[in-house]
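K.L.:
Structure for this input, please:
(2 chains)
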Amino acid sequence: MSTKTLHTLDFSILQQCMHCGMCLPTCPTYQETKLEMHSPRGRIALMRAIAEDRLELTETFHEEMNYCLGCLACETACPAGVDYNQLLEVSRFEAEKKVATKKPFRSLIRKGLLGVLFSRQWLLRLVGRGLWIYQKLKLQEMVRKSGVLNLLPKLLKEWEKKTPTVQVPFSCDRMAVLEKPKTPSRYKVGMLTGCVQDILFADVNRDTVDVLLHNGCEVYTPPTQGCCGSLQIHNGEAKWSEYLASRLIQEFENQSLDAIITNSAGCGSHLKNLHSLFEKESESYVKAKAFSSKVKDIHEWLVEIGYKEPDLSKENQTKFTYHDACHLCHGQKITQQPRELLKSIQDHEYCELKDSQVCCGSAGIYNLIQPETAGIMGAHKLENIFKTGAQVVVTSNPGCMMHLKSLSQESQVKLEWKHSVSMLAEAYRRSS
Amino acid sequence: MDLIALQKSLREPLLLGIEDLLAYSYDGTAGIEPQKPLFVAFPTSAEELSLLLEWAQTYRVAVIPRGSGTGLSGGTVPIANSFVLCSSKMNRILEFDPENLTILVEPGVTTVEIAQKAESVGLFYPPDPGSMKISTIGGNVANNSGGLRGLKYGVTKDYVMGFEIVLAGGNRVWFGNKCVKDVAGYSIKDFFVGSEGTLGVFSKILLRLVPKPKSKKTLLAVYSSMEQAAKTVSQIVAYPILPCTLEFLDRTTIQCVEAYAKVGLPQNAEAVLLMETDGHPAVVAEEAQIMEEIARKSGAVSVTIAKDEQEALRLASARRSAFASLARVAPTTILEDITVPRSRLAEMVAVIQKVAVDYQVRIGTFGHMGDGNLHPTFLTNEKNHEEMKRVEKAMEVIFEQAIALGGTITGEHGVGTAKKAFLEKGVGTGAYGMMKSLKNLWDPQNILNPGKIFS
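P.N.:
You can find the predicted model right below:
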């Protein structure tokens, strides 16, 4: 992967796009601007022009690749099965390499975030702990009130507003390396704790393990695991992504697992395709393929093995709705399973969300690098959420949850945000 | 060329960057060399549209009218020294009049928005081209688009009651009105429907709506020969029943659908027929039963009537995934749309299958059996020049045979650049000459979408 460019990529992948335009109505950036360049078809035309030497890799091209949310709604709509994800990853990688030399400050920040911080879970946990103390001592509130933040540049000020709330203890302190169900084990599974999820949503990881145990799965959770590398590859950093992938594979080697479970849509979408990072038939490729074939999204796995329905009587305590994370519905084509699980929670009322499969603007770190567009997408999403009248919003990706939660704080309506697994775990607790 | 002055009088910026121009250098047609325009303009009103056409005439720059660029005949691919006039920012519904069953829209409104608006009060806009989720009504009217409901409900032209059109040089003219009956003078509006942007550019369009049928029944029949399917269709129509949908797939398409979508069709099936009848529930139930009987008597291996909406969707999935299944087989997919009289359809399918063998090319055929409109789909690779030559030869033979059977070279995609070489043969020298003289009369300087329709 790290050697692939638009020129060396198998040309038939580009050619597979027959520019029919079926992707246009599903593309959030096209819908917003009605400009062809901001559509998947337009972007592929630019990629193809570069591959055919009709266009040089320009600054505009680089910007365009970063303007794309990478939500993959186009892949769901595409009649010809174009591998847009791969095209986007290759293009971002190539564009990043070319532009990096021109913008040393930008590459330094990227290197710091993606290459150093997110590549070392101990460091991320350290920063997380520092942030936790800062928030616990109410220093954050004081700083915000003091007005000192007005000194920051606009983008940083935006970022500060989005600072998420840290949850201590982190995943590794909430679960044992090996946990066994009370009933005889039906399966043995590995548990991916993620990077962001580990620090900000450690309770969701705990809930995932509880749900797995409740359904007869023995759960293995290596405490030293870190980021899977999906953030890196989505941002054109193939080398870091490869490194992180190899490390993660090692963590789960020699465990004879039936499945490796993830509760984060973005990670799952990347991990199911991990082998594409490596040269075909290389040793790493074979190992990654074996790993990928075991990766299961938690919803997918529960429905596959036949989950226990929570034993609850029918009531309508609160109304809740479900937002599809892009990398679950488009990246992994998982739409029915979460709904099935959620509808089994009888004591709450489930309702559908209009345009639930349209991106909310979070999209990895998109809400950080393109705050304006991300804000517009998020506002559309919130509008639809408000229309449902739901008090609880359920989704299955930490990014969507953080992004929407932070946007909704500015509105009058108070919403509760939950991961679908937590929703199920709580239902089990209520029923037992 | 005074672009700065032009820009000053327009609300939306002109696009001039090379990346933007590349993104407007193609449409939905396969195998046409992309060509960059000089710039792209987005009029936001009829006044701006008129101004742009006046500017084009003054500076002798060709105009390429374009909606969402989903056309399948190369009609919106730019030429040298041209600019693209894109309707995507003229996308308002101007007036919805359920009392007169009409809707007045700007050309950039998508087909699906019109359908949804109509449905919101129990009305129906029947034309449903395959790209209706994104295709614009301006493009639909300019190409007289069809869809799956042609037999019972007709095509786009049957729903156009009037429009305002901007002519070469910028003059705006209204044709038609909300009256069902109107014989005041020549019916000139019909010249513009299907004119592919060569005679004028629509700025407002008035459409007719009909009541939405209350119910629908879906049937799927599988056959061991195309003749049996054709016999079913002709007997249903002769009964007489007018189903809203009669769609077929041929052997190659069935195999591709099974390979990709696995909907459970028998591998040795030679034809699949998807049938739908709509209207009053009692009538629909009776018609569905008769259609089933006719299908069985005609030799169908199996016939299934959908019990509910969900099963209907499942039955329709074979037809719905036909194009996607074919498109995945090869890098280049060329979709044709010859049409023959309904009674000659089975013959035409046999001709296509023979041509595929003769020229060693892969062709999957599916389409609208009720109105004789076929979509022979070439599965090829544009980078394989030797194969492309055989594809072109095969296509030529198919066009000739369609004409020989009393058919036409295009039923709903238009002539554009892709089929202009065959038009004269298709319509006859006399008709071709009159079409050309009309073009010369209304666009003497050849500013509007030149190089399309005529060679």
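
K.L.:
what does the stretch 251-400 of chain B put close to chain A?
P.N.:
With CB under 8 Å from any CB of the partner chain as the criterion, the stretch 251-400 of chain B meets chain A at residues B:Phe323, B:Ala324, B:Ala327, B:Arg328, B:Pro331, B:Thr332, B:Thr333, B:Asn381, B:Glu382, B:Lys383. All C-beta spots, glycine's among them, are computed from the backbone N, C-alpha and C.

K.L.:
which SS class is the first one?
P.N.:
To tie it back to what came earlier, the one meant is B:Phe323. Classification of B:Phe323 using DSSP: H, G, I helix; E, B strand; the rest coil returns helix.

K.L.:
For residue 226, give me the pLDDT.
P.N.:
Unless you meant another one, I'm taking chain A. pLDDT recorded at A:Gly226 is 83.

K.L.:
my bad, chain B
P.N.:
B:Met226 is given a pLDDT of 91.

K.L.:
B:Pro266 is in contact with B:Val222, isn't it?
P.N.:
Yes - counting by CB atoms under 8 Å, B:Pro266 touches B:Val222, with 6.2 Å between them.

K.L.:
neighbour-wise, which of these two wins?
P.N.:
B:Val222 (23 against 13; other CB atoms under 10 Å in any protein chain shown).

K.L.:
tally of neighbours for residue 147?
P.N.:
All of this refers to chain A. Using other CB under 10 Å, A:Gly147 is surrounded by 8 other residues.

K.L.:
Sorry, I should have been clearer: chain B.
P.N.:
As a burial measure, B:Gly147 scores 23 neighbours (other CB under 10 Å).

K.L.:
Please apply the same query to the one 4 residues further on.
P.N.:
Around B:Leu151 sit 21 other residues, with neighbours defined as other CB under 10 Å.

K.L.:
Check the secondary structure at it for me.
P.N.:
Once three-state DSSP is applied, B:Leu151 turns out helix.

K.L.:
separation between it and B:Gln35?
P.N.:
In this view, B:Leu151 and B:Gln35 are 37 Å apart by CB to CB, to the nearest Å.

K.L.:
re the thing from before, which neighbours do B:Pro266 and B:Val222 share?
P.N.:
Here B:Pro266 and B:Val222 share the contacting residues B:Val301, scored by CB atoms under 8 Å, 6 or more residues apart in numbering or on different chains.

K.L.:
re the thing from before, which of the residues of the stretch 251-400 of chain B next to chain A ranks first by neighbour count?
P.N.:
Neighbours here mean other CB under 10 Å. Within these, the largest count is held by B:Ala327, at 26 neighbours.

K.L.:
Quick check: closest non-adjacent residue to that residue.
P.N.:
A:Ala80 (4.0 Å; CB to CB, 6 or more residues apart in numbering or on different chains).

K.L.:
surely that neighbour meets A:Gly21?
P.N.:
No - counting by CB under 8 Å, A:Ala80 stays clear of A:Gly21, with 11.7 Å between them.

K.L.:
more crowded one of these two?
P.N.:
The neighbour comparison of A:Ala80 against A:Gly21 (other CB under 10 Å) goes to A:Gly21, with 25 against 20.

K.L.:
Helix or strand: which one has the more buried one?
P.N.:
Following DSSP states H and E, one finds A:Gly21 outside all helices and strands.

K.L.:
wait, what's in contact with it?
P.N.:
By CB under 8 Å, 6+ apart, the neighbours of A:Gly21 are A:Arg41, B:Asp27, B:Gly28, B:Ser68, B:Gly69, B:Thr70, B:Ser131, B:Ile134, B:Ser135.

K.L.:
Swap in 10 Å and give it another go.
P.N.:
By CB atoms under 10 Å, 6 or more residues apart in numbering or on different chains, the contact list for A:Gly21 reads A:30, A:36, A:39-41, A:77, B:26-28, B:67-71, B:131, B:133-135.
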